[in-house]
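Student: return atomic coordinates for the entry below.
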Amino acid sequence: MEKFPKFELENQNGEIVSNDSLKGRTVIYFYPKDNTPGCTTQACDMRDSMTDLNELDVTVYGVSGDSKKKHQNFIEKHSLNFDLLVDEDFKLSEETGVYGPKKAFGKEFNGITRTTFVIDADSNILKRFDKVKASAHADELKDFLKEG
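Tutor: Numbers count the residues shown, from 1 in each chain. Here you go, the predicted structure:
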């Protein structure tokens, strides 16, 4: 079974989250940028599904290249009820293969492609969702987690 890369990232409060701190099943979702329309839709969808996800004994982390301060603002503005991890150098994003060339509005640039991983306490990847749609992804996740 494929392993999720070893990582050690700060959350919005400067607390370290790493593979060693994960317990049970964990959802780690990568998204391009705080406070953009699609990312806000996705984050609010996760927020609204958190009761169901908690009942499935799942921890959720969002990851982007934004700073702690931007993450704090994003959490406060949208009352998010899960941690956001800081990957400012895109190291984890690159190691998981979610960072690279993208096209938008006729321009090419490097960025994060919306991708979600479900991993277990031993960092085994149970499921990888590629090219995630910002809306309704939480339902897709819940369906997968209920089966497992």
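Student: show me what the strand or helix carrying Asn54 is packed against.
Tutor: Using DSSP states H and E, Asn54 falls within helix 37-55. Applying 3 or more Cβ pairs under 8 Å, 6 or more residues apart in numbering; DSSP states H and E, we find helix 37-55 packed against strand 25-30, strand 58-64, helix 68-78, helix 137-147. Just so you know, the C-beta spots here come from the backbone N, C-alpha and C atoms, and that holds for glycine as well.
Student: switch those over to JSON lines; also include mean neighbour count.
Tutor: Listed next are those as JSON lines, based on neighbours: other Cβ atoms under 10 Å:
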{"stretch": "strand 25-30", "mean neighbour count": "22"}
{"stretch": "strand 58-64", "mean neighbour count": "22"}
{"stretch": "helix 68-78", "mean neighbour count": "16"}
{"stretch": "helix 137-147", "mean neighbour count": "15"}
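Student: with mean pLDDT and distance to Val86 added, can I get the ones you listed in a markdown table?
Tutor: Output for the helices and strands packed on helix 37-55, formatted as a markdown table (pLDDT from 0 to 100; distance: least, Cβ to Cβ, whole Å):
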| stretch | mean pLDDT | distance to Val86 |
| --- | --- | --- |
| strand 25-30 | 97 | 12 |
| strand 58-64 | 97 | 8 |
| helix 68-78 | 98 | 6 |
| helix 137-147 | 93 | 22 |
